[in-house]
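# Sharing a model prediction with you, sequence too.
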Amino acid sequence: MRLVQDILKNKGHDVFHVGPETTIYDAIQLMADNSIGSLLVMDNNKPIGIVTERDYARKVALEGRSSREALVGEIMSTKVLCVSPERSVEDCMALMTDKRARHLPVVDHKSVVGMISIGDLVKAVIAEQKFMIDQLHDYITGAHLG
């Protein structure tokens, strides 16, 4: 069973974040520059929210707000779901599906140590399934004997 910490070993521990006073435009630019779909919102090194491309689409674009004037603190989601590095990939997938979330900050001893996305989890599941298939194939064909 793969764990969140296994994903972070491969992906890295970078966590892109902004403050609540950051303009939405700057937040979206940071997401675009780094090819990511969310940013953690931090205040005094403490996560206080999360802002996503979905928040932008629904709370800025559809409501006719100006992304250059509105602030992240006005549209961020304040209920931040977090997981520990020891959580299983399957647990995280169930949590994300149940809560309709696409990104989870990873917290260890009250410190943010990474961020995972639904895409990261899907890649991990596919890699594990491929490994199992390869192992079964080798067993069936006798490749493991040679």
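Cool, got the structure. Numbers count the residues shown, from 1 in each chain.
# mind listing the strands for the chain?
Remark: strands assigned in the chain by DSSP state E are 17-18, 38-43, 46-52, 103-108, 111-117.
# strands paired with the last one, and their directions?
Based on DSSP bridges, the strands next to strand 111-117 in the sheet, each with its direction, are strand 103-108 (antiparallel).
# quick one: least confident helix or strand in this structure?
Within the chain, confidence by mean pLDDT, DSSP states H and E is lowest for helix 118-141 among all helices and strands, at a mean of 88.
# Point out the other helices and strands that it packs with.
Packing contacts for helix 118-141, counted by 3 or more C-beta pairs under 8 Å, 6 or more residues apart in numbering; DSSP states H and E, involve helix 4-11, helix 89-99. Placement of C-beta: from N, CA and C, glycine included.
# I'd like to know which of those lies nearest to K123.
helix 4-11 (8.1 Å; C-beta to C-beta).
# and the direction of the closest one versus that of strand 103-108, what angle?
Calculated by axes from the mean of the first three to the mean of the last three C-alpha atoms, to 10 degrees, helix 4-11 forms an angle of 110 degrees with strand 103-108.
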